[in-house]
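S.K.: fold the following, please.
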Amino acid sequence: MMKKIFIVLAVMLVVGIACKKTIDPGGGACACSPTEEPSYLSLSIKGDNGSDLLNAANVGAFSKDQIQLYYKDNQGVSQSIEFTIRQSFSRGTTVYAFNQLFSTQITSLAKNINHTFYLKLGDRQPLALNLKMNGNKTEQLLIDQVAVPLETMVPNDDFYIKSIFSLKL
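M.R.: Model prediction:
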């Protein structure tokens, strides 16, 4: 009996160590990963001069405290949407030098309800966001009814970079 318990515990330990999921898309699958890709919105925000407006070290940038992402419920009450600011990154020979506003909650909401979402940057007027979803993929992002392009500045086929929308203010 003790031998069976030991074997079960050993298997659980191996599975627990070997099967760590990553939240970062494109990080690779493990044996217990779901076959679906995670659903998310990733948005870089750039100034006219090409500066990263999500990097607080840049002049005119917005800190996380100066950004609001929200929607209005059926009673017209603003409901916050969770987001993070992801740092610029490099992976292999790929370098992406811009921080990104990242949210999984907005895509979950966009799949289930047809809301207009809002992005308020500092003291600027809120921008109206509409997401067009295709399953778990954010297929199109409209800001004030204008399509926002996907990032094209990196010439390789990096899946994650090719899924970042790039807004120029």
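
S.K.: contacting residues for the most centrally placed residue in the chain?
M.R.: For the chain, the residue nearest the mean C-alpha position is F102 (3.0 Å; C-alpha atoms, centre = their mean). The contact partners of F102, by C-beta atoms under 8 Å, 6 or more residues apart in numbering, come to Y40, L41, S42, L43, F83, T84, I85, R86. All C-beta spots, glycine's among them, are computed from the backbone N, C-alpha and C.

S.K.: turn the buried ones among these into a named PyMOL selection, would you?
M.R.: Listed next is the PyMOL selection for buried residues among these, using 16 or more other C-beta atoms under 10 Å:
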select buried, resi 40+41+42+43+83+86
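
S.K.: of the contacts of F102, closest to I161?
M.R.: I161 has its nearest neighbour among the contacts of F102 in S42, at 9.1 Å by C-beta to C-beta.

S.K.: which of the helices or strands spans the closest one?
M.R.: Element membership for S42, per DSSP states H and E: strand 41-46.

S.K.: so what touches the helix or strand just after that strand?
M.R.: Per DSSP H and E, the first helix or strand lying C-terminal to strand 41-46 is strand 67-72. For strand 67-72, the surrounding residues in contact (C-beta under 8 Å, 6+ apart) are 78-83, 85, 101, 103, 106, 109, 115-122, 126.

S.K.: partner strands of strand 67-72, with direction?
M.R.: strand 78-80 (antiparallel), strand 117-121 (antiparallel) (DSSP bridges).

S.K.: pLDDT (mean, whole number) over the next helix or strand after the longest one?
M.R.: This points to strand 117-121. As assigned by DSSP H and E, the chain's next helix or strand after strand 117-121 is strand 127-134. Strand 127-134 shows a mean pLDDT of 94.

S.K.: just want the angle from strand 127-134 to strand 117-121.
M.R.: Orientation check (axes from the mean of the first three to the mean of the last three C-alpha atoms, to 10 degrees): strand 127-134 against strand 117-121 gives 140 degrees.

S.K.: other SSEs contacting strand 127-134?
M.R.: helix 105-112, strand 117-121, strand 137-143 (3 or more C-beta pairs under 8 Å, 6 or more residues apart in numbering; DSSP states H and E).
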